[in-house]
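# Build me a structure from this.
(2 chains)
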Protein chains: 2
Amino acid sequence: MSKFAVMGHGVVGSGTVELFLKNKERINSRQGTDLELGYILDIRDFPGLPYSDRFTKDINDILNDDDVTVVAEVMGGVNPAFDFVKKCLERGKSVCTSNKELVAKKGAELIALAKAHNCNFLFEASTGGAIPLIRPLHKDLAGNEITAVEGILNGTTNYILTQMIEHSTPFEKALSDAQAKGYAEKDPTADVEGHDACRKICIISSLVYGKHVYPDSVHTEGITKITAADAAYAKANGYAVKLIGSVKKLDDGRIFPLVAPRFVPFSNQLAFVNDVFNGVMVYGNGFDEVMFYGKGAGKLPTASAVLGDVIECAETKGTILSATWEDSTDDSFIADYRDQKVRMYIRLIGVTESEASKAFPGAEFLKGAKDGETAFITAEEKESAINDRLEAFDGFVAGKIRVL
Amino acid sequence: MSKFAVMGHGVVGSGTVELFLKNKERINSRQGTDLELGYILDIRDFPGLPYSDRFTKDINDILNDDDVTVVAEVMGGVNPAFDFVKKCLERGKSVCTSNKELVAKKGAELIALAKAHNCNFLFEASTGGAIPLIRPLHKDLAGNEITAVEGILNGTTNYILTQMIEHSTPFEKALSDAQAKGYAEKDPTADVEGHDACRKICIISSLVYGKHVYPDSVHTEGITKITAADAAYAKANGYAVKLIGSVKKLDDGRIFPLVAPRFVPFSNQLAFVNDVFNGVMVYGNGFDEVMFYGKGAGKLPTASAVLGDVIECAETKGTILSATWEDSTDDSFIADYRDQKVRMYIRLIGVTESEASKAFPGAEFLKGAKDGETAFITAEEKESAINDRLEAFDGFVAGKIRVL
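Predicted coordinates for the structure are as follows:
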């Protein structure tokens, strides 16, 4: 028998327990495991549950029980999760986490610690919720050079943008709808400003390119400046608007991670990933392109990913995820977004098409322009050059969104 | 150092060698392996290649070299592949295959043999080409009860159907286009009659439900009866037409696998999987739904999946894929399609809407009907009951396609 412990009985923690108990018989028979729920660590009391006897307030109960070989960390936040995870790994207990903040900030250190103690630090649930992503990237696609990853990594903003584009809902109304449905927090900053997507693209970038990418090194823009008018231009011209976390390998060996809203053409599968769903497109030199799609958050979907990791740890001895990434001491391996070539959607007020086309040679003007307004997509050039052209201009820049 | 061998230097075999040599440095540094190409087995000569010195015509060179721990079987067909794979496994050498026929016909036996010899029989490349599917199904989603899988598993037929629906191309013309582009074989039977998709749904069903599903037990219909007229009704009414391999768990514990063309509503992501791409939607009691999308065939895409398996075997000792499925001695665990409830698209000639609506209460009539023709989607009922209603009818049944 192998026991696992769950640290934190919040949304994901209770979901992990619930899903395990529901499917326990199937899991153990199909996977050849003999897995049992040992402990649930929480400072609160949860009387009256069928598994109330498993609760403890003392992490030493978990640390000192040699039958506990795997621990699910689903508390969230860096403290005290980091300290608890370290203690587990130091005792040779594998840890599986849904905590993206922990992985984005402390991943390199915890992976190294797991390796040193012949156990695992797995984090499938930290990125893309239920969607199989970390293991496929590291295992299935291991024979390739990954050239780029582009993903809709945040369900809240995708719900908001879908409402804006499908139903012409203004941003503020779409946000309050999302809050009413429980998709957005009361303080939606981490979602709408792109911080959540940023943590996830940090994890993906670190995994794929082997060096820890810290959130502060990634240029991050949210969706608060997008208007219903921008969404209308997108729709009328064959694009969706999505908040995309992306990373790309450059020819000089550096990488270029970015979190920003994008015009996504309907020729890209990501354009059809709507509502609270996430989708991640991966490009590589053997497989060309693959996409992963599913629920990026929620109680049972996230629990599904946590449990997958727990089961793999329980059935395997020693380390599974050879995927290590090194820590990084500076961010010189990360390229500046201003130096990258891009095509940009621009909406100008008080500027005529002929004025705009002089300043932006090769611009592709969009259908549906209103009086006194010009909307176009620039030819591809350095972002800094596009900004220079815009600064030389008199008109008011009402919208500006990169094209994927 | 760990050596691997490639059995068969055809399209996939040469792709596997090419992709490995191209990415070898990255693979070994990122995955912590020290993998080297040992042998390529083929009865033909391939002089002048940079790796011509690795060829052998004698399988004993592979069997007798203890440094060879992993073998990629990419010959195709059951003979002599089955015999060669058995010999490798009996020597404790893991085998990774792209050979769907071998897995669909001999999977249970080979998995058991691998287990008995503490090595692995992996087959990510056998289903969905480059798309990570087998490992995610077995590992990432292991905490769930998988309730259903529905997939576009054959790129050739998907290309043909996309041409039919997007460009109103008749079937014969779309097929000859596919042949001209190299997407379809000269003898396209295995693709257009659904046999290829059938093998793949057999592999998925066996993996997910734990009992070997043999191709003969799966009701299989191809796409040769679909006309441009059916495709036009689909498009005009919010559907795509796709060849879908599906399997579903029934309440009585049996499973229901099926390969058949389907009307797929635009609300389903699979409707947007076009051309030679494959897409597989998976449903489960924790994660709800996830979809995998990518190239289901081709030289380097298939090689990518083979290499992923080879790398995992090289870096891990002992068995990885606890996923075993038992052999089956009869098919009493497989439900008859005629007993299953379904909604059916039906196109009748010489029948009025009012006649049809009497015979099919609850039918939803489709837009775009031509004179003397009626097209509708039935209410949900047993397929045998729908067939009985049709038989009681005078008119000519010009089209009949299940709705997904």
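# CA only for contacts and neighbour counts going forward, please
OK.
# and chain A, what are its domains?
For chain A, automatic domain parsing gives the domain ranges A:2-129+A:300-315, A:140-294, A:337-403.
# In CSV: those domains, plus mean pLDDT, distance to chain B and mean neighbour count.
As requested, the domains of chain A are exported to CSV (pLDDT from 0 to 100; distance: least, C-alpha to the nearest C-alpha, whole Å; neighbours: other C-alpha atoms under 10 Å in any protein chain shown):
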stretch, mean pLDDT, distance to chain B, mean neighbour count
domain A:2-129+A:300-315, 95, 4, 21
domain A:140-294, 95, 4, 22
domain A:337-403, 93, 21, 16
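# nearest to B:His117, of those domains?
domain A:2-129+A:300-315 (16.9 Å; C-alpha to C-alpha).
# got a list of what the closest residue in space to A:Asn154 that isn't next to it in sequence touches?
Nearest residue to A:Asn154, sequence neighbours excluded (C-alpha to C-alpha, 6 or more residues apart in numbering or on different chains): A:Ala197, at 5.7 Å. Under the criterion of C-alpha atoms under 8 Å, 6 or more residues apart in numbering or on different chains, the contact list for A:Ala197 reads A:Leu153, A:Asn154, A:Asp191, A:Ile244, A:Gly245, A:Val259.
# Those in helices, which ones?
Using DSSP state H, the subset of the contacts of A:Ala197 located in helices is A:Asp191.
# Can you name the residues bridging to A:Phe121?
Beta-bridge partners recorded for A:Phe121 (DSSP bridges): A:Val95.
# Now tabulate the domains of chain A in JSON lines and tack on distance to B:Asn285.
As requested, these are exported to JSON lines (distance: least, C-alpha to C-alpha, whole Å):
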{"stretch": "domain A:2-129+A:300-315", "distance to B:Asn285": "8"}
{"stretch": "domain A:140-294", "distance to B:Asn285": "13"}
{"stretch": "domain A:337-403", "distance to B:Asn285": "37"}
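# Tell me which helix or strand the residue nearest to A:Asn154 sits in.
helix A:195-209 (DSSP states H and E).
# ok, then the element right after that helix?
On the C-terminal side of helix A:195-209, the closest following helix or strand by DSSP H and E is strand A:219-220.
# Give me the helices and strands touching that next one, please.
Contacts defined by 3 or more C-alpha pairs under 8 Å, 6 or more residues apart in numbering or on different chains; DSSP states H and E place strand A:219-220 against strand A:255-265.
# quick one: strands adjacent to the helix or strand following the strand it packs on?
From strand A:255-265 onward toward the C-terminus, using DSSP H and E, the following helix or strand is strand A:277-284. Applying DSSP bridges, strand A:277-284 is found paired with strand A:146-152 (antiparallel), strand A:288-295 (antiparallel).
# Pipe those into TSV and attach distance to B:Ser2 per row.
As requested, the strands paired with strand A:277-284 are arranged in TSV below (distance: least, C-alpha to C-alpha, whole Å):
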stretch	distance to B:Ser2
strand A:146-152	24
strand A:288-295	27
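# of all these, which lies closest to A:His219?
Evaluated over the strands paired with strand A:277-284, closeness to A:His219 peaks at strand A:146-152, with 14.8 Å, by C-alpha to C-alpha.
# Outside of the closest one itself, list whatever touches it.
The contact list for strand A:146-152 (C-alpha under 8 Å, 6+ apart) reads A:158, A:208, A:242-249, A:270, A:273, A:278-285.
# how about the helices in the stretch 1-150 of chain A?
Assigned by DSSP state H, counting those that start in this stretch, the helices in the stretch 1-150 of chain A fall at A:11-31, A:59-63, A:81-90, A:100-116, A:134-135.
# Pull stretch A:375-388 out as CSV, backbone CA atoms only.
C-alpha atoms of stretch A:375-388 as CSV (Å, rounded to 0.1, in the frame of the first residue of the first chain):
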residue,chain,number,x,y,z
ALA,A,375,-8.4,50.7,-38.6
PHE,A,376,-5.6,48.6,-40.2
ILE,A,377,-3.1,45.9,-39.7
THR,A,378,0.5,47.0,-40.3
ALA,A,379,3.1,45.2,-42.4
GLU,A,380,5.5,43.2,-40.3
GLU,A,381,8.3,45.2,-38.7
LYS,A,382,10.0,45.8,-35.4
GLU,A,383,7.6,46.8,-32.7
SER,A,384,9.8,49.8,-31.8
ALA,A,385,9.6,51.0,-35.4
ILE,A,386,5.8,50.7,-35.4
ASN,A,387,5.8,52.7,-32.1
ASP,A,388,8.1,55.4,-33.7
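# Please verify my assumption that A:Glu124 contacts A:Ile134.
Yes: using C-alpha atoms under 8 Å, A:Glu124 is in contact with A:Ile134, at 5.3 Å.
# how about a markdown table for the helices of the stretch 1-150 of chain A, with distance to A:Ala369 added?
Output for these, formatted as a markdown table (distance: least, C-alpha to C-alpha, whole Å):
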| stretch | distance to A:Ala369 |
| --- | --- |
| helix A:11-31 | 46 |
| helix A:59-63 | 62 |
| helix A:81-90 | 52 |
| helix A:100-116 | 41 |
| helix A:134-135 | 43 |
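# A:Pro132 reaches B:Asp140, doesn't it?
Yes: under the criterion of C-alpha under 8 Å, A:Pro132 makes contact with B:Asp140 at 5.8 Å.
# Identify the contacts common to those two.
By the contact definition C-alpha under 8 Å, 6+ apart, A:Pro132 and B:Asp140 are jointly contacted by A:Glu124, A:Ala305.
# Kindly confirm my reading that A:Ala297 is in a helix.
No: looking at A:Ala297 with DSSP: H, G, I helix; E, B strand; the rest coil, it is coil, so not inside a helix.
# Which residue comes closest to it once chain neighbours are left out?
According to C-alpha to C-alpha, 6+ apart, the nearest residue to A:Ala297 is A:Gly129 (4.8 Å).
# need the contact list for that neighbour.
Per C-alpha under 8 Å, 6+ apart, neighbours of A:Gly129: A:Ser98, A:Lys295, A:Gly296, A:Ala297, A:Gly298, A:Pro301, A:Thr302, A:Ala305.
# Now the last one. Nearest residue, chain neighbours left out?
For A:Ala305, ignoring the flanking residues on the chain, the nearest one in space by C-alpha to C-alpha, 6+ apart is A:Ala125 at 4.8 Å.
# swap in the third one?
The shortest distance from A:Gly296 to any residue other than its chain neighbours is 3.9 Å, reached at A:Gly129 (C-alpha to C-alpha, 6+ apart).
# Could you report the separation of the one you found from B:Gly362?
40 Å (C-alpha to C-alpha, to the nearest Å).
# out of the domains of chain A, which comes closest to B:Gly8?
Across these (criterion: C-alpha to C-alpha), the nearest stretch is domain A:140-294, sitting at 18.7 Å.
# How far does the closest one stretch from one end to the other?
End-to-end distance (C-alpha to C-alpha), domain A:140-294: 18 Å.
# Give the helix, strand or coil label for A:Thr329.
With three-state DSSP as the basis, A:Thr329 sits in coil.
# For it, grab phi and psi.
phi -100, psi -20 (degrees, to the nearest 10).
# Then A:Lys400?
phi -160, psi 110.
# bridging residues for it?
In beta-bridge terms (that is, DSSP bridges), A:Lys400 pairs with A:Ile346.
# Identify the residues contacting stretch A:376-396?
Outside of stretch A:376-396, the residues within contact range by C-alpha under 8 Å, 6+ apart are A:337-351, A:359-366, A:397.
# Could you tell me the end-to-end distance of that stretch?
End to end - C-alpha to C-alpha - stretch A:376-396 spans 14 Å.
# Same check on stretch A:27-41?
Termini of stretch A:27-41 sit 23 Å apart (C-alpha to C-alpha).
# ok, residues contacting that stretch?
So stretch A:27-41 is contacted by A:1-9, A:17, A:24, A:54-59, A:62, A:68, A:311, A:314-315, B:142-144, B:210, B:322-324 (C-alpha under 8 Å, 6+ apart).
# Now A:Gly253. Nearest residue, chain neighbours left out?
In space, and not counting its chain neighbours, A:Gly253 is closest to A:Phe333: 7.7 Å by C-alpha to C-alpha, 6+ apart.
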